[in-house]
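structure for the following, please:
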Amino acid sequence: MTLHFSVLASGSTGNAFYIGTEKQKLLVDAGLSGKQMERLLNEIDVNPCDLNGILVTHEHSDHIKGLGILARRYELPIYANENTWKAMEDQIGEVSVDQKFIFERGKTKTFGDIDIESFGVSHDAAEPMFFVFHHNRRKVALVTDLGYVSERIKKTVENADAYIFEANHDVEMLRMGKYPWNVKRRILSDKGHVSNDDCGLALTEIIGNQTKRIYLAHLSQDNNMKDLARMSVSQILKQHGFQVEQDLELHDTDPKTPTPIYNVS
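All right, here's what the predicted structure looks like:
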């Protein structure tokens, strides 16, 4: 099997991403309970016992809620940068020293037949980072939980075969919504989350000839809707000359239901 993946869960309540080949099976984040994580993996026919490790993007609870439980239950190695380790150790419970590994921001590590490139993002966490996965000239980019998409990030993730890209909120829904102003300000800040419009605009600069699929991720339950996110991003892409639904497919993600396994070919 080629490089394949599933967005297991995505949203304000919990995030997890599976990516693998015939030789490697990896989890990125485990932001739901251990029981829910097992259910999600089971739904895509992946046995947690077969996982080779868990990569951690940052220490917010919607990314690490089930991390300690899964790691202990299945004796899985955890990979995170040093500052993330310091920030999350009290939250995940006791983890054996031989399960703790450092994966520094801005570095590339090889996991079997997958090369994984980490890159920093602007978000209100200790040292948040996300990943680009390389296998057999194929490229998948996971880009969420960031206040803005820098030129450096655009260069790192450009021309991926598939993107899992944040479309967190509709700006007007957020401004008019029930959140207190300090929370709204945080979300709208450079260390918050990317809006539907900013997602669409960033994608116009990074989509390449290889790009076939885009998954809109980390949608806010209160300040966005799947149809609205898809419509907003699609409209911007079409305005910039992209043939959405012909050359490019836009897909939803869900906080409770995994996307079907997609083989990158």
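
now do the strands in the stretch 1-150 of the chain.
Listed in chain order, the strands of the stretch 1-150 of the chain (DSSP state E, counting those that start in this stretch) span residues 4-9, 16-20, 25-28, 53-55, 78-80, 100-102, 108-111, 114-120, 129-135, 138-143.

does the closest residue to K139 other than its chain neighbours sit in a helix, a strand or a coil?
Distance criterion CB to CB, 6 or more residues apart in numbering; nearest residue to K139, sequence neighbours excluded, is A160 at 4.4 Å. For every residue, glycine as well, the C-beta is placed using N, CA and C. Secondary structure, DSSP: H, G, I helix; E, B strand; the rest coil: A160 is coil.

my read is that A160 contacts R137, right?
No - applying CB atoms under 8 Å as the test, A160 and R137 come out as separate, 11.7 Å apart.

these two: who's more crowded?
A160 (27 against 8; other CB atoms under 10 Å).

what pLDDT does that one get?
Listed pLDDT for A160 reads 98.

tell me the spacing between it and A126.
As judged by CB to CB, to the nearest Å, A160 and A126 stand 26 Å apart.

what do you get for L216?
Note on L216: its distance to A126, by CB to CB, is 26 Å.

kindly report the same for T110.
For T110 relative to A126 (CB to CB), the value is 25 Å.

and V171, by the same measure?
From V171 to A126 the distance is 27 Å (CB to CB).

secondary structure element for N223?
According to DSSP states H and E, N223 maps onto no helix or strand at all.

what sits against it?
By CB atoms under 8 Å, 6 or more residues apart in numbering, the residues touching N223 are 168-170, 173-174, 177, 179, 187.

just send these back as JSON lines, with secondary structure, distance to V97 and neighbour count too.
Output for the contacts of N223, formatted as JSON lines (DSSP: H, G, I helix; E, B strand; the rest coil; distance: CB to CB, whole Å; neighbours: other CB atoms under 10 Å):
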{"residue": "N168", "secondary structure": "coil", "distance to V97": "36", "neighbour count": "27"}
{"residue": "H169", "secondary structure": "strand", "distance to V97": "40", "neighbour count": "31"}
{"residue": "D170", "secondary structure": "coil", "distance to V97": "45", "neighbour count": "21"}
{"residue": "M173", "secondary structure": "helix", "distance to V97": "46", "neighbour count": "16"}
{"residue": "L174", "secondary structure": "helix", "distance to V97": "42", "neighbour count": "21"}
{"residue": "G177", "secondary structure": "coil", "distance to V97": "44", "neighbour count": "14"}
{"residue": "Y179", "secondary structure": "coil", "distance to V97": "41", "neighbour count": "16"}
{"residue": "I187", "secondary structure": "helix", "distance to V97": "37", "neighbour count": "20"}
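
just list whatever residues bridge to the spatially most central residue of the chain.
Central residue of the chain (CA atoms, centre = their mean): L142, 4.5 Å from the mean position. Beta-bridge pairing of L142 under DSSP bridges involves F131, I164.
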